[in-house]
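Enquirer: Fold the stuff below for me.
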Amino acid sequence: MEELRTIMEAFVASGWELIAIPARQWLDGTADREALVAAIAQADAECGACGCALDPLYKRALELL
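Expert: Residues are numbered from 1 along each chain as shown. Purely as a prediction, here's the structure:
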C-alpha cells in the first residue's frame with residue numbers, strides 16, 4: 001500500500017485536477033474506487049505516453065487498485 005500511497009501523492013502534487021482530486025480523496029479515505037479508476041484510466045489515455053514522470057504511474061496505480 002505504501003507504493004500506491006506514493007503514487008497518489010504524486011498525482012496530487014501534479015495539480016492536474018483530473019487525477020489530483022480523486023487521488024486526494026483516496027488519501028483522505030473518501031474516494032469512490034470506480035471514479036478513481038476511471039480518472040486514472042482517462043489520464044492514461046490522454047497523457048500516458050507524453051514522456052512525463054507520471055506516465056508509468058497510471059498503469060501501476062491501476063494494477064495496484
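Enquirer: which residues in this structure form strands?
Expert: Remark: strands of the chain are absent; assignment by DSSP state E.
Enquirer: What is the longest helix of it by residue count?
Expert: Using DSSP state H to define each element, the chain has its longest helix at helix 33-47.
Enquirer: Mind giving me the packing neighbours of that one?
Expert: Using 3 or more C-beta pairs under 8 Å, 6 or more residues apart in numbering; DSSP states H and E, the elements in contact with helix 33-47 are helix 17-28, helix 55-64. Just so you know, the C-beta spots here come from the backbone N, C-alpha and C atoms, and that holds for glycine as well.
Enquirer: again, 10 Å this time
Expert: helix 2-14, helix 17-28, helix 55-64 (3 or more C-beta pairs under 10 Å, 6 or more residues apart in numbering; DSSP states H and E).
Enquirer: Where does pLDDT dip in the protein?
Expert: When the per-residue scores of the chain are filtered using pLDDT under 70, no range remains.
Enquirer: circling back: ok, which of the helices and strands packed on helix 33-47 comes nearest residue 46?
Expert: Checking the helices and strands packed on helix 33-47 against residue 46 by C-beta to C-beta gives helix 17-28 as the closest, at 7.7 Å.
Enquirer: and the angle for the closest one with helix 55-64?
Expert: Our comparison of helix 17-28 with helix 55-64, counting by axes from the mean of the first three to the mean of the last three C-alpha atoms, to 10 degrees, yields an angle of 50 degrees.
Enquirer: Can you list the neighbours in contact with helix 17-28?
Expert: Counting by C-beta atoms under 10 Å, 6 or more residues apart in numbering, the neighbours of helix 17-28 from elsewhere in the structure are 4-5, 7-14, 16, 30-33, 35-40, 42-44, 46-47, 54, 57-58, 61, 65.
Enquirer: From these, keep the buried residues only.
Expert: Among those, those that count as buried by neighbour count (16 or more other C-beta atoms under 10 Å) are 4, 7-8, 10-12, 14, 16, 31, 36, 39-40, 43-44, 47, 54, 57-58, 61.
Enquirer: Would you quantify the distance from the closest residue to residue 43 other than its chain neighbours to residue 5?
Expert: With C-beta to C-beta, 6 or more residues apart in numbering as the measure, residue 19 is the residue that lies nearest to residue 43, at 4.8 Å, once sequence neighbours are left out. Separation of residue 19 from residue 5 (C-beta to C-beta, to the nearest Å): 14 Å.
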